[in-house]
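# Provide a 3D model corresponding to the input given below.
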Amino acid sequence: MLENPRSPRVRAVAKLTKRSARQETGLFLLEGPQAAREALAYRPDTLVELFATPSALERHVDVRDAAKDAGLEVVYTTEAVLDAMADTVTPQGIVAVARQSPTSLRDIFAAGPRLVAICEEVRDPGNLGTIIRAADAAGADAVILTGRTVDPYNPKVVRATTGSLFHVPVAVGADLASAVEKARAAGVRVIAADVGGGDFLAARDVLAEPTAWLFGNEARGLDDEALALVDLSLRLPIYGAAESLNLATAASVCLYETAFAQRAAG
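Numbers count the residues shown, from 1 in each chain. Coordinates of the predicted model:
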């Protein structure tokens, strides 16, 4: 059992809360039983280590059994060690280390996607995690993150995805112009979600076709250079007195509207 919160092994795991350590090692941190459960169910090949307190594994027998089936040894720790490793105040007794496994732009568009989310300079970890989760829920084929977007392996992003990071292909550090070019070459229309765009309702019929939504920065939206790349810009209407919609909320609406249109079209 790991008992010393200051041991080199514990410190190495704790360092994964920092981007520099994640970039150096190619690893990232998972916290809590739900994250471990999803990783074991969908991408057990990416898991490197699984740490847990004995009481946590008693509560989450399915995680213990899934780890055994995956041939992954569980390292038992004290509560103090888990607290030292984790980014959250309450990691619920389970922490895992996984390999980063981004997908290339080439592979994403070679698969003939019908619905893609592209994030350009999305900086808030909670927003990015929620967009990935919404894309997964809407049946999107991939999420593409440009180089100016927050690291998807940031612990806050990973938590906000609630496991969707393991369900949907994610490209990291992409060049926006290259992503748009590859989308067009694959027959995918690129639509920007922008407050200065055209009427969403009037253009809903185009959503039945293969679509890549482009979402911009929370505060500034998309700059003119980014907007010049896309095929179409649309704005979501505000019917009430709200000043605006949160980025992740707006992205969820756009993705689901597209999913509805595509499924209605067959």
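# center of the protein - which residue?
For the chain, residue 132 is the residue whose C-alpha lies nearest the centre (C-alpha atoms, centre = their mean; 3.9 Å).
# Let me see the backbone angles for that one.
phi -60, psi -40 (degrees, to the nearest 10).
# and it, what does it touch?
Shown in contact with residue 132 (C-beta atoms under 8 Å, 6 or more residues apart in numbering): 117, 143, 152, 157, 160, 161, 164, 165, 168, 170. Heads up, the C-betas are built off the backbone N, CA and C, glycines and all.
# Show me which of the residues you listed is closest to residue 229.
residue 117 (15.7 Å; C-beta to C-beta).
# The closest one in helix, strand or coil?
Taken by DSSP: H, G, I helix; E, B strand; the rest coil, the conformation at residue 117 corresponds to strand.
# The one 5 residues further on now?
Secondary structure, three-state DSSP: residue 122 is coil.
# Need the pLDDT of residue 266.
The model reports residue 266 with a pLDDT of 78.
# quick one: the helices in the stretch 1-150 of the chain?
With helices called from DSSP state H, counting those that start in this stretch, the stretch 1-150 of the chain shows them at 8-14, 19-25, 33-42, 54-59, 61-69, 79-85, 105-110, 125-137.
# so where's this protein shaky on pLDDT?
By pLDDT under 70, the chain contains no weakly predicted segment.
# on that earlier part again, want to throw the helices of the stretch 1-150 of the chain into JSON lines with distance to residue 210?
As requested, those are exported to JSON lines (distance: least, C-beta to C-beta, whole Å):
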{"stretch": "helix 8-14", "distance to residue 210": "41"}
{"stretch": "helix 19-25", "distance to residue 210": "33"}
{"stretch": "helix 33-42", "distance to residue 210": "25"}
{"stretch": "helix 54-59", "distance to residue 210": "44"}
{"stretch": "helix 61-69", "distance to residue 210": "35"}
{"stretch": "helix 79-85", "distance to residue 210": "42"}
{"stretch": "helix 105-110", "distance to residue 210": "10"}
{"stretch": "helix 125-137", "distance to residue 210": "15"}
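# most tightly surrounded among the ones you listed?
Among these, helix 125-137 has the highest mean neighbour count (mean count of other C-beta atoms under 10 Å), at a mean of 23.
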